[in-house]
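Peer 1: Here you go, sequence then predicted model.
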Amino acid sequence: MMRQLLLIAAFTAAALHATDKSPNACDRACLQGLVDSYLDAMSKHDPSELPVAATVKFTENGRALKLGEGFWKTAGASSYRLYALDHNSGDAVVQAVVAESGQPDIFFLRLKVKDKKIAEAETLVCRKGEAGFFAPEKMTNAPALYSELLPESEKTARAQLIKQASAYFTAVQSEGTKDYRAAPLAPDMSRFENGVQTTNVAVMGNPAMSGAEQLDKGIFKGLVIDHRRFPVVDTERGVVVGLILMHANMNGKMGGILISEMFKISSNKIEQVQAVMVNVPNDSDTGWK
């Protein structure tokens with residue numbers, strides 16, 4: 001009986017290994033290559049050469065469009081690319097700076113890849129004046145931290161990484177209330193929103209504070225978050241990408257903000273957050289479940 005169990009385990013492992021190496025599998029190099037191909041095709045305003053599924057779904061700032069419409073018609077070359085790749089889910093993300101009519105825009109792209117074809121393309125485009133923070137000129141070199149492999153002792157399981165990233169959103173939404181729960185932040189955690197550093201510096205009329213101090217003091221109190229998703233989790237590098245729709249008081253009126261947050265997590269602590277965000281009407285949807 002023991003021998004039979006061992007043989008079954010061996011055959012199962014071999015089958016799983018074969019599946020990972022199947023022609024339809026898209027590894028990290030494949031995922032990044034498709035992201036780069038998308039950006040390059042967009043700069044030429046021509047998606048015709050991209051390998052896309054017949055039922056490909058495309059959204060821009062939460063609105064469903066036909067691939068090739070919207071930003072595709074005006075986008076130029078990109079000068080900054082920060083990747084997050086998840087070969088297990090088949091999702092790939094990039095934050096980029098993309099030229100448009102001589103001006104830099106901040107851009108986010110998520111691809112879902114199936115059978116080495118693009119099945120989903122979700123994008124955020126933020127132009128000057130479309131967000132509270134906007135500094136594409138500061139987005140020059142992608143932080144190396146996100147591509148660094150974690151030592152085995154600092155790695156965390158996929159489910160736990162998602163739990164930690166979600167705890168950050170919970171802390172943001174519950175700050176300043178009796179339901180507040182602190183986020184798992186490293187003492188020197190840094191956050192950048194559309195290229196602007198928003199921790200450990202004076203911001204929004206508040207003195208310089210750490211990320212934990214900002215949340216503990218509730219300086220962003222009143223924010224509402226929904227549509228949480230975590231499509232990309234890289235356990236080898238401790239990188240998680242979260243997508244949300246946030247509702248905030250904007251000059252006395254509630255407004256919406258579509259946000260992508262890229263977390264770097266090690267030893268169960270969030271070390272850095274890189275966010276891309278764009279203002280949208282408060283009744284907007286993300287376009288995704």
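Peer 2: Ah, there it is.
Peer 1: Give the burial count for residue 176, as a bare number.
Peer 2: 16 (other C-beta atoms under 10 Å). In this view, the C-beta of every residue, glycine as well, is placed from N, C-alpha and C.
Peer 1: Okay, and it sits in which element?
Peer 2: Counting by DSSP states H and E, there is no helix or strand that carries residue 176.
Peer 1: And it, what's its pLDDT?
Peer 2: Residue 176 carries a pLDDT value of 96.
Peer 1: is it true that it touches residue 221?
Peer 2: Yes - assessed by C-beta atoms under 8 Å, residue 176 is found in contact with residue 221 at 3.2 Å.
Peer 1: Return the distance of the nearest residue to residue 281 once chain neighbours are set aside relative to residue 129.
Peer 2: Nearest-residue entry for residue 281: residue 256, 5.9 Å, with adjacent residues in sequence omitted and distances by C-beta to C-beta, 6 or more residues apart in numbering. Separation of residue 256 from residue 129 (C-beta to C-beta, to the nearest Å): 16 Å.
Peer 1: More neighbours: those two, which one.
Peer 2: residue 256 (22 against 7).
Peer 1: helix/strand/coil for the residue nearest to residue 281?
Peer 2: strand (DSSP: H, G, I helix; E, B strand; the rest coil).
Peer 1: That one and residue 278 touch, don't they?
Peer 2: No - counting by C-beta under 8 Å, residue 256 does not reach residue 278; the two are 9.5 Å apart.
Peer 1: Show me which residues of stretch 253-269 are buried.
Peer 2: Residues 255-266, 269 are the ones in stretch 253-269 that count as buried (16 or more other C-beta atoms under 10 Å).
Peer 1: Kindly report the same for stretch 180-190.
Peer 2: Going by neighbour count (16+ other C-beta under 10 Å), the buried part of stretch 180-190 is 180, 183-186, 189-190.
Peer 1: Tabulate the residues you listed in TSV, adding columns for distance to residue 163, secondary structure and pLDDT.
Peer 2: Shown next, in TSV, are the buried residues of stretch 180-190 (distance: C-beta to C-beta, whole Å; DSSP: H, G, I helix; E, B strand; the rest coil; pLDDT from 0 to 100):
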residue	distance to residue 163	secondary structure	pLDDT
180	17	coil	97
183	11	coil	97
184	9	coil	98
185	14	strand	98
186	16	strand	97
189	17	strand	98
190	21	strand	98
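Peer 1: Thank you kindly, that will do.
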